[in-house]
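Novice: Predicted model and sequence below, questions to follow.
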Amino acid sequence: MEKVKLEMPDTPILFPYEPEEFWQRIREIIREEIKAGGKVASSVSFETPGMVYKPLYKMDEVCTMFKVTRPTIYDWVKHGKLKPFKIRSRVYFLWGDIQSLLQSSSETN
């Protein structure tokens, strides 16, 4: 692996470390993250204060929630049971639509 020498900026750093000690610590943190294989980044959860539910669900999440396959979800969309929302190349479903489908299925059982 080729080592890359980064130029340290002449700008003062407002941290309680000397510049060389600061950059050394940053290098150590990067090495630890690379060894961890990015596991930390995938476990990060973004939460919005005041939100009590997740507003949008991906296709796989809806499949897991209802324990059905993708073709079943596509069939529900075709028959108007769920309304898909496409954002770029992804398909999402609103929590409210999922809740009403859950309630209608519990009423029929």
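Specialist: Looks like it arrived, so ask away.

Novice: make it CA atoms for all contacts and neighbour counts henceforth
Specialist: Will do.

Novice: What values do phi and psi take at the closest residue to Leu101 other than its chain neighbours?
Specialist: In this structure, Leu101 finds its nearest non-sequential neighbour in Lys81, 6.8 Å apart by Cα to Cα, 6 or more residues apart in numbering. When read as degrees, to the nearest 10, the backbone of Lys81 gives phi -80, psi -30.

Novice: if I read this right, Lys81 contacts Ser100, doesn't it?
Specialist: No - using Cα atoms under 8 Å, Lys81 is not in contact with Ser100; the gap is 9.1 Å.

Novice: For these two, indicate the residue with more neighbours.
Specialist: Lys81 (16 against 13; other Cα atoms under 10 Å).

Novice: ok so, going back, the residue nearest to Leu101 and Ser89, how far apart?
Specialist: Taking Cα to Cα, to the nearest Å as the measure, Lys81 falls 21 Å from Ser89.

Novice: likewise Lys83?
Specialist: Applying Cα to Cα to Lys83 and Ser89 gives a distance of 16 Å.

Novice: out of the two, which sits in the more crowded spot?
Specialist: For Lys83 and Ser89, the more surrounded residue by other Cα under 10 Å is Lys83, and the numbers stand at 17 against 6.
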